[in-house]
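A.B. asks: sequence first, then the predicted structure, then my questions.
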Amino acid sequence: VVRSKLYDAGIHHVRTPLLNDVKMPALILRGGYLTNTHDARVIADPAYRQQLAASLALAVTNYRRAVGAAQKPPNTPPAPK
């Protein structure tokens, strides 16, 4: 279930030098291009970055649940007073 309203370019199988020597599953997350003025404006918005981070965290949780990996409780810092 997709809950975010972020643009999703889909999943692509790509052979890239960035991942050639990685011995475990890995991914490249592309949140936009700073050289693109529209993307740069969107990336500058803290709400966008927060939503992107939350969506990635949810994706990791869903992946772990799907493959049956043990989940460790998140390390959440205490809320400021």
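C.D. replies: Nice, thanks for sending it over. Numbering: from 1, shown residues only.

A.B. asks: what about R15, which SS state?
C.D. replies: In three-state terms, and counting by DSSP: H, G, I helix; E, B strand; the rest coil, R15 is coil.

A.B. asks: gap between it and V22?
C.D. replies: For R15, the distance to V22 (C-beta to C-beta, to the nearest Å) stands at 12 Å. Every residue, glycine included, has its C-beta placed from N, CA and C.

A.B. asks: which of the two has more neighbours?
C.D. replies: Between R15 and V22, counted using other C-beta atoms under 10 Å, the more crowded position is V22 (9 against 6).

A.B. asks: report the secondary structure state of the more buried one.
C.D. replies: coil.

A.B. asks: show me the contacts for G31.
C.D. replies: Shown in contact with G31 (C-beta atoms under 8 Å, 6 or more residues apart in numbering): 43, 49, 52.

A.B. asks: which SS state does the last one fall under?
C.D. replies: Which is L52. helix.

A.B. asks: now do the phi/psi pair for N62.
C.D. replies: Main-chain torsions, N62, degrees, to the nearest 10: phi -60, psi -40.

A.B. asks: if anything else comes up later, I'll come back, but that's it for now.
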